[in-house]
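Q: sequence and predicted structure below; questions after.
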Amino acid sequence: MVTLISYGDDQNTMPLVLVGLSTDLKPISYYQNLFIMNDSVFIEIDTHIIYKYDLEHKIWYVIEGGDINDYIT
């Protein structure tokens, strides 16, 4: 599944950045009434493992070599 995130200076979708513990269930489809888009990120704060969401398959994939500082503002 391909998702257009941005085009020029315009934002088309708003991927979420979620944080939690490795023992927390990663949400699927929605979190607090917000739609989880492709490229949304889940960061485990106790392990620093980073996941990205695949909307088509409704699964979180581990990002190998991901740097937590790229996602925290």
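A: Sure thing, it's come through.

Q: helices along this structure, start to end?
A: With DSSP state H, there are no helices along the chain.

Q: if I look at the residue nearest in space to the middle of it, how far off is L16?
A: The centroid of the chain falls nearest to V41 when counting by Cα atoms, centre = their mean (1.8 Å). Between V41 and L16 the distance is 7 Å, computed by Cβ to Cβ, to the nearest Å. Where you see a C-beta, it was placed from the backbone N, CA and C, and this is true even at glycine.

Q: contacts for stretch 57-73, please.
A: With Cβ atoms under 8 Å, 6 or more residues apart in numbering as the test, stretch 57-73 has contacts from 17, 26, 28-29, 41-43, 48-54.

Q: quick one: which of the residues you listed is most hemmed in?
A: Of all the contacts of stretch 57-73, the highest neighbour tally under other Cβ atoms under 10 Å goes to Y53, namely 24 neighbours.

Q: which residue, other than its chain neighbours, is closest to it?
A: S40 (4.2 Å; Cβ to Cβ, 6 or more residues apart in numbering).

Q: that neighbour: neighbour count?
A: Residues near S40, counting by other Cβ under 10 Å: 22.

Q: gap between it and L34?
A: Counting by Cβ to Cβ, the gap from S40 to L34 is 9 Å.

Q: next, show the common contact partners of the two.
A: Common neighbours of S40 and L34 (Cβ under 8 Å, 6+ apart) are L16.

Q: touching, I49 and S22? I think so.
A: Yes - under the criterion of Cβ atoms under 8 Å, I49 makes contact with S22 at 7.0 Å.

Q: spatially nearest residue to L18 (excluding sequence neighbours)?
A: Going by Cβ to Cβ, 6+ apart, L18 has F42 as its nearest residue, at 4.7 Å.

Q: hey, what's that neighbour bridged with?
A: For F42, the beta-bridge assignment (DSSP bridges) gives partners L18, Y51.

Q: check contacts around it.
A: Neighbour list for F42: L18, V19, G20, K26, I50, Y51, K52, Y53, W60 [criterion: Cβ under 8 Å, 6+ apart].

Q: need those in CSV with distance to N69 and pLDDT, can you?
A: Output for the contacts of F42, formatted as CSV (distance: Cβ to Cβ, whole Å; pLDDT from 0 to 100):
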residue, distance to N69, pLDDT
L18, 16, 90
V19, 13, 89
G20, 18, 89
K26, 21, 95
I50, 10, 93
Y51, 16, 94
K52, 16, 94
Y53, 20, 95
W60, 20, 96
